[in-house]
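Visitor: Predicted model, plus sequence, below.
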Amino acid sequence: MGVAIVGWAHLPFGKLDGLSLQQLITESASQAMAHAGIDGQAVDGIWLGNLNGGFAPDIFASSLALQADPALRWKPATRLENACASGSAAVYAACDAIEAGRARVALVVGAEKMTAVSGAEVTRILGDCGYSGEVQAGDGGFPGIFGGIAQEYFARHGDHSAALARIAAKNHANGALNPWAHMRRDLGFEFCNTVSDKNPMIAAPLRKTDCSLVSDGAAALILASDDALADFPRAVRFRSRAQVNDYLPMKGRDVVQFEGPRRAWQQSLQHAGVGVNDLSFAEVHDCFTIAELLTYEAMGLAATGEGHRVLEDGTVMRDGRLPVNASGGLKAKGHPIGATGVSMHVLSAMQLMGEAGDIQVRDPRLGAVFNMGGSAVANYVSVLERAR
């Protein structure tokens, strides 16, 4: 039994002081059901992507979605956590239930409330997604971890600080067009490539513009089985999906190789029966700009050490052959942890249905989503196509 996205919702990301975690969940859920033209009675189960870890007091959040519609009461609801890939974990669990015949229509919500705690607390909570037995997990948190990955990449392949700045500038230019983005400002290459008071070094060689935003936000999907698609006005099918997990400790694995992401890309593209050059666009996990650079190589778009070339020749630009992060990515759109994977699938569905507004890419036929948890630990790749 195949699965398709038949409805969605995306709240604006940002510092949303007036919205609680519960409100983020219920508002996105109700909007997604309205978009699909259903009420809670049609939903067979609810899956919530949410890290929390201390961002908000509501750790047991799965049933908060029931308050989006009285008809959702008594429906099974489950919270999924897989670090920064919690949203995709929820999407895939719902797909599994549909493919197993246990559900016909599923509600998936991704939500995170991050800005109610201090910046230091955000760093500590996210650092707990690393391995406690390694020094790097507590030394600068994930900026320190990915700064170390960038240092090793530069040691092997030369200084590519300019490539990282091009990624940041590209994604901020794209995000300026995205009404759901946290930061809608085109910063330009020179600003992103220059260390300054407004763009300080965070974890060398990563500058502030190389790091994703701390955001509140939510997104939601309605998924349905193939035999239910006639009931909905739009449908975007999962042509393939793959999850690959690697060891949590970084010791003993070459994190610069991005082997987990590489395997996930290979499996999903193979299962879809396509190559990377058949894709029309991709939404990828740019928690740090070095992650997007390594993803170009992991997905087969560039050879090892040559990810910079697809920036220089324009391949990954919004008007290029394979636009990457036309939404602005995590860099500009924001990175509310549990919402990210769901957001990527929502925005990709919008693209394939031609409903992405100012961030619409040309003639989209196949789209890909890459959502990652940790330092290339939990890796999810979906290939999506318009069903009709």
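Guide: Received it, and whenever you're ready, just let me know what you need.

Visitor: can you pull the buried residues of stretch 360-373?
Guide: Using 16 or more other CB atoms under 10 Å as the test for burial, stretch 360-373 gives 360-361, 364, 366-373. Every C-beta, even on glycine, is put in place using the N, C-alpha and C of the backbone.

Visitor: cool, and stretch 256-276?
Guide: 256, 258-269, 272, 274, 276.

Visitor: Let me see the mean pLDDT of it.
Guide: The average pLDDT for stretch 256-276 rounds to 98.

Visitor: hmm, who's touching it?
Guide: 149, 152-153, 156, 239-246, 253, 294-295, 297-301, 304, 322, 366, 368, 370, 372, 376-383 (CB atoms under 8 Å, 6 or more residues apart in numbering).

Visitor: Drop anything exposed from those.
Guide: Here, 16+ other CB under 10 Å leaves 149, 153, 239-246, 253, 294-295, 297-299, 301, 322, 366, 368, 370, 372, 376-383 buried among the contacts of stretch 256-276.

Visitor: Restricted to strands, list the residues you listed.
Guide: 239-245, 366, 368, 370, 372, 378-383 (DSSP state E).

Visitor: re the thing from before, dump the buried residues of stretch 360-373 into TSV; add pLDDT as well.
Guide: Formatted as TSV, these follow (pLDDT from 0 to 100):
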residue	pLDDT
360	98
361	98
364	98
366	98
367	98
368	98
369	99
370	99
371	98
372	98
373	97
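
Visitor: could you redo those residues as a markdown table and give each row distance to residue 94?
Guide: As requested, the buried residues of stretch 360-373 are exported to a markdown table (distance: CB to CB, whole Å):
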| residue | distance to residue 94 |
| --- | --- |
| 360 | 26 |
| 361 | 26 |
| 364 | 23 |
| 366 | 22 |
| 367 | 19 |
| 368 | 19 |
| 369 | 15 |
| 370 | 19 |
| 371 | 15 |
| 372 | 19 |
| 373 | 17 |
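
Visitor: and of those, the nearest to residue 285?
Guide: residue 372 (4.1 Å; CB to CB).

Visitor: Report the spatially nearest residue to the closest one, omitting neighbours in sequence.
Guide: residue 285 (4.1 Å; CB to CB, 6 or more residues apart in numbering).

Visitor: swap in residue 368?
Guide: residue 282 (4.3 Å).

Visitor: Around that neighbour, how many other residues sit close by?
Guide: 26 (other CB atoms under 10 Å).

Visitor: Please confirm that it is located within a helix.
Guide: No - counting by DSSP: H, G, I helix; E, B strand; the rest coil, one finds residue 282 to be strand, located in no helix.
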